[in-house]
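Visitor: below are the sequence and a predicted model; questions follow.
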Amino acid sequence: MVIGLHLSKPRIVVMTLPNSGTSPATSATQTPPPSLQAPAQSWGDHAGCILTASPMHASKLSSPVGLPIQSCFPSTDGYRSFAFAFGFLWTLELRTHLIRVHRLYSSLTMTLKLYGNPNSVNTKCVAVILYLKKIPHELITVDIITRKDNLLPEYLGKQPFGEIPYLDDDGFVLYESKAICRYLEERYGDHGPALMPSDLKAKALFEQAVSVEWANFEAYAMVAGVEGVLKPKFFPNLPFNKALYDQAIKTLSMKLDVYETILAKQKFLAGDEMTLADLFHLPYGELLAIGGNYIMTTKGPNVKRWWTAISSLPSWQAVKDKVPAGVVDF
Ligand SMILES: N[C@@H](CCC(=O)N[C@@H](CS)C(=O)NCC(=O)O)C(=O)O
């Protein structure tokens, strides 16, 4: 019967009780796997002995309890094979741990960093993609209202227009929210749903939808959002320009009539699949409702269906009020 098993490189010491007739192989938890077992003639042959793996050590070791010391390998070659196999497995184990440590270190030091602000519409434009694709990141808050961090020379070195957001991907710096979204989509293509087609014609229709958003939606929704929400909230000293607001809403309403006809034929702006072009509408579309204009849900049934589909995405719900600052892992 085995009363003790000690593994220490490169020795295995097995103590057996005197005259034990039971093979330790019956004790599965304490027995080395078959590949590592000593080619012992019989465990019973070693009864009453202290066993050591190395034949070289067997002769040099002194017994602590007065029992004879024997090697469980009849030959030095057998021991060497065992030591090699054991060392090999030990190296594999060490490698696994090193990979784990490396991954942990990488996740701590190489996280995507988004420099923006939890309240900023353009930061939200990028954030919804990060959440939809579950990309670990850190949002570093840039104060553009009080401290004006965005005008510091160090910031301008990264974003020369002094705007938020910009992305730092392990030293690679990119600004312009929509360019960042496209980069994330390509860089993390295997994360979450595909948001940009690769087929030539589908891609051309996607580019068309991106331009439609910019020229026919954002151009007017932004004016309405700035006048109706951002100015009163963040710049209360600036006067509300009602004429500008009304004109923006009037033009937007005409443009959304065209959206209604497009969306009567297809589910999304670039076809039947949701793309970045649809999601680009979210930040300024949301501002309209915050400012008390519900055109996105009252314009027509197809605009309403489309808007409801994109604005109810959990990833948008997670960031629409405030983008969580700090490190975010999924
Ligand atoms: N086209 C830029 C616009 C960025 C932008 O205008 N950001 C605003 C905040 S949402 C900003 O930084 N404003 C500060 C300023 O202009 O001083 C983008 O999409 O990234």
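Guide: Cool, got the structure.

Visitor: the ligand contacts on the stretch 1-150 of the chain?
Guide: For the stretch 1-150 of the chain, the residues in contact with the ligand (CB under 6 Å from any ligand atom) are 120-122, 144, 150. For the C-beta atoms, the positions are set from N, CA and C on the backbone; glycine is no exception.

Visitor: farthest-separated two in those residues?
Guide: Spatially, the most separated pair among these is 121 and 150, at 14.7 Å (CB to CB).

Visitor: excluding its backbone neighbours, what's nearest residue 187?
Guide: Nearest non-adjacent residue to residue 187, counting by CB to CB, 6 or more residues apart in numbering: residue 169, 7.4 Å away.

Visitor: quick check: phi and psi on the one you found?
Guide: Main-chain dihedrals, residue 169, degrees, to the nearest 10: phi -110, psi 90.

Visitor: now do residue 205
Guide: The phi and psi values for residue 205, taken as degrees, to the nearest 10, are phi -70, psi -30.

Visitor: show me what contacts it?
Guide: By CB atoms under 8 Å, 6 or more residues apart in numbering, the contact set of residue 205 is 197, 270-271.

Visitor: tell me which element residue 207 falls in.
Guide: helix 200-212 (DSSP states H and E).

Visitor: can you check residue 138 too?
Guide: Element membership for residue 138, per DSSP H and E: strand 137-141.

Visitor: helices or strands up against that strand?
Guide: Under the contact criterion of 3 or more CB pairs under 8 Å, 6 or more residues apart in numbering; DSSP states H and E, the helices and strands touching strand 137-141 comprise strand 112-116, helix 121-132, strand 326-328.

Visitor: strands along this protein, start to end?
Guide: 2-8, 11-16, 50-52, 69-71, 112-116, 137-141, 166-169, 172-175, 326-328 (DSSP state E).

Visitor: okay, the angle between the strand holding residue 138 and strand 112-116?
Guide: Orientation check (axes from the mean of the first three to the mean of the last three CA atoms, to 10 degrees): strand 137-141 against strand 112-116 gives 30 degrees.

Visitor: got the contact list for strand 137-141?
Guide: 111-118, 123, 127, 130, 323-328.

Visitor: tell me the buried residues within the residues you listed.
Guide: Buried by 16 or more other CB atoms under 10 Å: 111-117, 123, 127, 130, 323, 328, out of the contacts of strand 137-141.

Visitor: domain ranges for this structure, per the record?
Guide: 2-106, 112-328 (automatic domain parsing).

Visitor: could you work out the end-to-end span of the last one for me?
Guide: End-to-end distance of domain 112-328 (CA to CA, to the nearest Å): 10 Å.

Visitor: the strand holding residue 138: which residues count as buried?
Guide: Those would be 137, 139-141, for strand 137-141 by 16+ other CB under 10 Å.

Visitor: how are the helices of the stretch 51-200 of the chain distributed by residue range?
Guide: Under the criterion DSSP state H, counting those that start in this stretch, helices of the stretch 51-200 of the chain are mapped to 55-60, 76-109, 121-132, 153-156, 177-187, 200-212.

Visitor: looking at these, spot the one closest to residue 284.
Guide: That would be, of the helices of the stretch 51-200 of the chain and by CB to CB, helix 121-132, which comes in at 6.3 Å.

Visitor: what's next to that closest one, contact-wise?
Guide: Counting by CB under 8 Å, 6+ apart, 112, 114, 116-117, 135, 137, 139, 163-165, 167, 177-178, 180-181, 184-185, 192-193, 195, 225, 276, 279-280, 282-284, 286-287, 313-316, 318-320, 323, 328 sit against helix 121-132.

Visitor: quick check on the residues you listed: which are buried?
Guide: In the contacts of helix 121-132, the ones that pass as buried (16+ other CB under 10 Å) are 112, 114, 116-117, 135, 137, 139, 163-165, 167, 177-178, 180-181, 184-185, 195, 225, 276, 279-280, 282-284, 286-287, 313, 315-316, 318-320, 323, 328.

Visitor: which one (most neighbours) among the contacts of residue 205?
Guide: Sorting these by how many neighbours each has (other CB atoms under 10 Å) puts residue 270 first, at 26 neighbours.

Visitor: where does pLDDT dip in the stretch 151-300 of the chain?
Guide: The stretch 151-300 of the chain contains no residues with pLDDT under 70.

Visitor: so which bits of it are right by the ligand?
Guide: Checking the stretch 151-300 of the chain against the ligand by CB under 6 Å from any ligand atom, the hits are 162-164, 176-178.

Visitor: if you set the cut-off to 5 Å instead, what comes out?
Guide: By the rule CB under 5 Å from any ligand atom, the part of the stretch 151-300 of the chain lying against the ligand is 163-164, 176-177.
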